[in-house]
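Enquirer: Provided below are the primary sequence and the corresponding predicted coordinates.
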Amino acid sequence: MMQLQEEQRRLEEQRIRLEEEQRRLREERVREQVQVSRAVGSSDRTTMGNPRSPANKTISASLPGGERSRTYAPPRAAPVTSSPQPIGTPYDGVDDAELNWRLDSYAMLSDYTIVVKRALPGAHAPDFEVDDVNAIDFVMDSNAPKSDVYYVHKAMIAVGSRRSELLGRRIREAETTSRPDGHSSDVNVHETIMLESAADAMGIVFDFCYYPDKQLDINIHNAVPLVYLGKRYKIRALIDQSEEFVATHLESANAMHFLLDSYLFQLDDILSTAIDVTAAHLGETVDFNPIYRLPPQLFRRIILSKDLDCDSELLSLIVYSYCGEHHAEDIDVEYLRELTKVRLMPDIDPKVALMLLKFYVELIFDDDEGCDIMDVLKGDSLMQRCIAVAAKHWQDEVYEPLLVDGEWDEKKEDPTALHRALPSNLQNYILEKCVIEAKHDFDKERATIEAHEKVKQAEIADVTKSFDKMVKDLKNQQSGKNQDKESLKKYLEEVETKVMELQAELETQKERAESYKQELKRFRRVPGIHNFGEVSSKDPKIVDKTKCTYSANPEHHFPLHRRGDRPPTQMPRMTMEFENLAKENGYIYDDGHGDLLPVFYYVNK
């Protein structure tokens with residue numbers, strides 16, 4: 001935004017320089033035209049009926065509205081339309097199809113002249129209503145006051161909705177008053193003095209009066225001068241439009257511009273608004289140089305504005321820089337006290353506390369050279385605040401500068417420790433406050449260290465307790481692991497014992513199975529060739545083989561052998577008597593069921 005404003009300002013300055021150059025050239029052409037007109041005199045009047053005569057061509061060529069002026073394009077030209085002269089129509093030397101104030105008086109038949117002299121700001125600005133013109137500081141051009149001449153028409157500036165009521169009244173009053181010789185040429189001239197920015201805006205005012213359909217050429221740089229010109233010349237429509245523009249465009253980014261212009265032109269309404277806007281955004285300000293260039297009465301109004309919004313410490317820096325560094329010769333003790341009241345500045349920046357105190361003490365002695373500064377200190381809020389801040393920051397503001405001033409020579413240079421430039425009794429008071437504050441800082445630091453040590457001890461105790469708990473838990477876990485290990489060992493031993501028992505039982509069972517196997521081997525099938533004899537009743541050990549009681553093989557057909565019809569009463573005693581176990585395939589016949597069943601016998605060894 002600042003770059004854009006700077007670029008606009010630069011372009012505006014270029015435009016102003018271009019206008020001044022064009023105005024100078026136009027005035028030179030007007031003077032040349034007047035000289036030519038006087039030279040041709042009656043010759044011009046005799047040839048006026050013949051516009052094609054050589055003399056007439058010479059005059060028309062020399063006029064700004066003649067042949068040479070057809071290529072001239074003045075800056076901010078009015079909306080003029082030019083049309084070629086109809087064939088056969090006498091040429092009058094003017095190309096404008098619309099009434100225009102930019103041409104010379106001859107070409108546009110002007111009946112009123114306004115002369116504006118430019119002046120610099122001063123005690124009589126902005127109206128410069130003073131009898132002694134020597135009291136006015138004019139803008140000089142070639143050892144003469146710089147002035148602008150405008151050839152206008154009374155009907156355009158004094159009549160209509162955009163008229164100047166002031167010029168209209170003066171014109172009418174002058175026309176009713178004639179000089180003794182019967183002439184009233186003074187009614188046709190208005191001379192005035194104004195500031196340069198207002199003089200630069202006069203062309204815009206004439207455009208406003210001449211062309212009702214044209215939009216007002218207003219911006220933040222000429223808005224306040226246009227308000228001033230509207231009020232000075234009582235142009236109601238111009239006042240309304242320019243004041244509306246100011247009201248809608250006055251903001252924090254350009255408030256300082258409006259503030260300076262309104263102060264220059266003594267427009268209190270705009271000035272008050274600009275001051276309040278500046279105060280409301282003072283804390284956001286980046287460039288304070290425009291503020292430091294303000295006169296003391298304006299700076300005071302900003303600081304005391306009801307809309308002030310600024311951090312107290314920043315405000316202390318701004319106030320000291322303005323009062324102590326930029327306007328020290330214009331500030332008195334009451335002015336500084338008013339700007340540093342507790343309600344405005346409860347806190348003071350440590351970097352400026354001693355500088356502000358030193359400046360304030362100097363103002364006090366300037367006001368009352370013989371006063372006792374310690375008596376003033378008792379009831380002075382500003383001094384107490386400055387000393388309190390300096391003592392609170394004793395290390396940076398007093399102690400370290402004292403180290404720098406180890407070999408200070410008061411005759412050769414100012415001390416780095418600013419308190420040394422104060423009265424000795426006030427120095428002692430400040431040092432006492434610093435010692436007290438240092439003791440407070442020491443006690444506070446020691447309390448902080450002790451509290452920190454307690455916290456550390458508590459943390460160590462907590463860590464130790466936590467570590468002990470961890471060790472205990474680890475021991476418990478190890479003990480549990482040992483118990484688990486013992487339990488597992490015991491279990492393994494029990495398993496091993498069980499395994500040994502099972503293995504022993506298995507061996508027993510194997511032996512038993514083997515015995516059963518051997519026992520089972522004692523059972524034999526009765527061979528088919530065997531027959532059962534009859535057991536003697538007298539001696540059971542005697543078997544009569546001749547008497548067959550039963551044959552195991554019903555198919556046996558050996559002689560003397562026959563199937564018995566009684567159950568066998570004896571079994572074979574020894575297996576070996578058969579010699580061939582393959583022959584053990586005998587059967588017994590069950591008549592009841594018709595099945596052949598094997599017959600076994602047990603061998604008792």
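Expert: Everything's here; your move.

Enquirer: Could I get the contacting residues of residue 250?
Expert: The contact partners of residue 250, taken as Cβ atoms under 8 Å, 6 or more residues apart in numbering, are 258, 270, 273-274, 277. Glycine gets a C-beta too; all of them are placed from N, C-alpha and C.

Enquirer: again, but for residue 227
Expert: Applying Cβ under 8 Å, 6+ apart, the residues near residue 227 are 239, 242-243, 246, 265, 267, 270.

Enquirer: again, only this time at 6 Å
Expert: 242-243 (Cβ atoms under 6 Å, 6 or more residues apart in numbering).

Enquirer: Beyond the strand or helix carrying it, next helix or strand please.
Expert: Residue 227 belongs to helix 223-232 when elements are defined using DSSP states H and E. Using DSSP H and E, the helix or strand that follows helix 223-232 in sequence is helix 236-249.

Enquirer: Could you check the angle the helix or strand just after that following helix makes with helix 223-232?
Expert: Counting by DSSP H and E, the next helix or strand C-terminal to helix 236-249 is helix 255-264. Angle, helix 255-264 to helix 223-232, by axes from the mean of the first three to the mean of the last three Cα atoms, to 10 degrees: 30 degrees.

Enquirer: The next helix or strand after helix 255-264 packs against which elements?
Expert: Downstream of helix 255-264, the first helix or strand assigned by DSSP H and E is helix 268-280. Where contact means 3 or more Cβ pairs under 6 Å, 6 or more residues apart in numbering; DSSP states H and E, helix 268-280 is packed against helix 255-264, helix 296-303.

Enquirer: Adding distance to residue 421, write the ones you listed out as JSON lines.
Expert: What follows is these, written out as JSON lines (distance: least, Cβ to Cβ, whole Å):
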{"stretch": "helix 255-264", "distance to residue 421": "34"}
{"stretch": "helix 296-303", "distance to residue 421": "24"}
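
Enquirer: any idea which of these is most buried?
Expert: Among the helices and strands packed on helix 268-280, helix 255-264 has the highest mean neighbour count (mean count of other Cβ atoms under 10 Å), at a mean of 22.

Enquirer: one step back: now the helix holding residue 227: mean pLDDT?
Expert: For helix 223-232, the mean pLDDT works out to 97.

Enquirer: How about stretch 124-139?
Expert: Per-region confidence: stretch 124-139 scores 89 on mean pLDDT.

Enquirer: what's the answer for stretch 475-489, then?
Expert: pLDDT averaged over stretch 475-489 gives 79.

Enquirer: Report the helix or strand with the lowest average pLDDT across the protein.
Expert: helix 54-62 (a mean of 33; mean pLDDT, DSSP states H and E).

Enquirer: Of the contacts of residue 250, just say which sits nearest to residue 230.
Expert: Closest approach between those and residue 230, by Cβ to Cβ: residue 270, at 12.2 Å.

Enquirer: you'd agree residue 117 is in a strand?
Expert: Yes. Counting by DSSP: H, G, I helix; E, B strand; the rest coil, residue 117 is part of a strand.

Enquirer: gap between it and residue 401?
Expert: Using Cβ to Cβ, to the nearest Å, residue 117 is found at 56 Å from residue 401.

Enquirer: do the same with residue 211
Expert: Going from residue 211 to residue 401 by Cβ to Cβ gives 68 Å.

Enquirer: And residue 320, which helix or strand is it part of?
Expert: helix 312-320.

Enquirer: cool, and residue 150?
Expert: When elements are assigned from DSSP H and E, residue 150 belongs to strand 147-152.

Enquirer: After that strand, which helix or strand is next?
Expert: Where DSSP H and E defines the elements, the next helix or strand beyond strand 147-152 is helix 154-157.

Enquirer: who touches that following helix?
Expert: Contacts of helix 154-157 (Cβ under 6 Å, 6+ apart): 111-112, 164, 167, 171, 209-210.

Enquirer: Identify the farthest-apart pair in these.
Expert: So, those by Cβ to Cβ: farthest apart are 171 and 210, at 16.3 Å.

Enquirer: Could you list the low-pLDDT ranges of the stretch 1-150 of the chain?
Expert: Along the stretch 1-150 of the chain, the parts satisfying pLDDT under 70 run over 1-5, 7-8, 11-12, 15, 19, 22-23, 26-27, 29-97.

Enquirer: how about the strands in this structure?
Expert: For the chain, applying DSSP state E gives strands covering 112-119, 140-141, 144-145, 147-152, 189-195, 523-525, 531-535, 543-551, 587-589, 596-598, 600-602.

Enquirer: Any idea how far the second one is from the middle of the chain?
Expert: Computed by Cα atoms, centre = their mean, to the nearest Å, the chain-centroid distance of strand 140-141 equals 50 Å.

Enquirer: next one: the first one
Expert: Relative to the chain's own centre, strand 112-119 is displaced by 51 Å; criterion: Cα atoms, centre = their mean.

Enquirer: Torsion angles phi and psi at residue 160?
Expert: Main-chain dihedrals, residue 160, degrees, to the nearest 10: phi 110, psi 180.

Enquirer: what's around it, how many residues?
Expert: As a burial measure, residue 160 scores 14 neighbours (other Cβ atoms under 10 Å).

Enquirer: cool, and the one 3 residues further on?
Expert: Other residues near residue 163 number 20, with proximity taken as other Cβ under 10 Å.

Enquirer: Just to check, residue 302 is in contact with residue 279?
Expert: Yes. Using Cβ atoms under 6 Å as the test, residue 302 is close enough to residue 279 to be in contact (4.9 Å).

Enquirer: Give the closest residue to the most centrally placed residue in the chain in space, chain neighbours not counted.
Expert: The structure's the chain has its C-alpha centroid closest to residue 284; by Cα atoms, centre = their mean the separation is 13.2 Å. Using Cβ to Cβ, 6 or more residues apart in numbering and skipping residues adjacent in sequence, the residue nearest residue 284 is residue 252, 6.8 Å away.

Enquirer: and the one you found, how many neighbours?
Expert: Neighbour number of residue 252 under other Cβ under 10 Å is 13.

Enquirer: same check, this time on residue 18
Expert: Residue 18 has 13 neighbours, counted by other Cβ under 10 Å.

Enquirer: same thing with residue 21?
Expert: Residue 21 has 11 nearby residues by other Cβ under 10 Å.

Enquirer: by how many degrees do the strand holding residue 150 and strand 189-195 diverge?
Expert: 140 degrees.

Enquirer: helices or strands up against strand 147-152?
Expert: strand 112-119.

Enquirer: what about 10 Å?
Expert: helix 2-40, helix 105-108, strand 112-119, strand 189-195, helix 196-200, helix 202-210 (3 or more Cβ pairs under 10 Å, 6 or more residues apart in numbering; DSSP states H and E).
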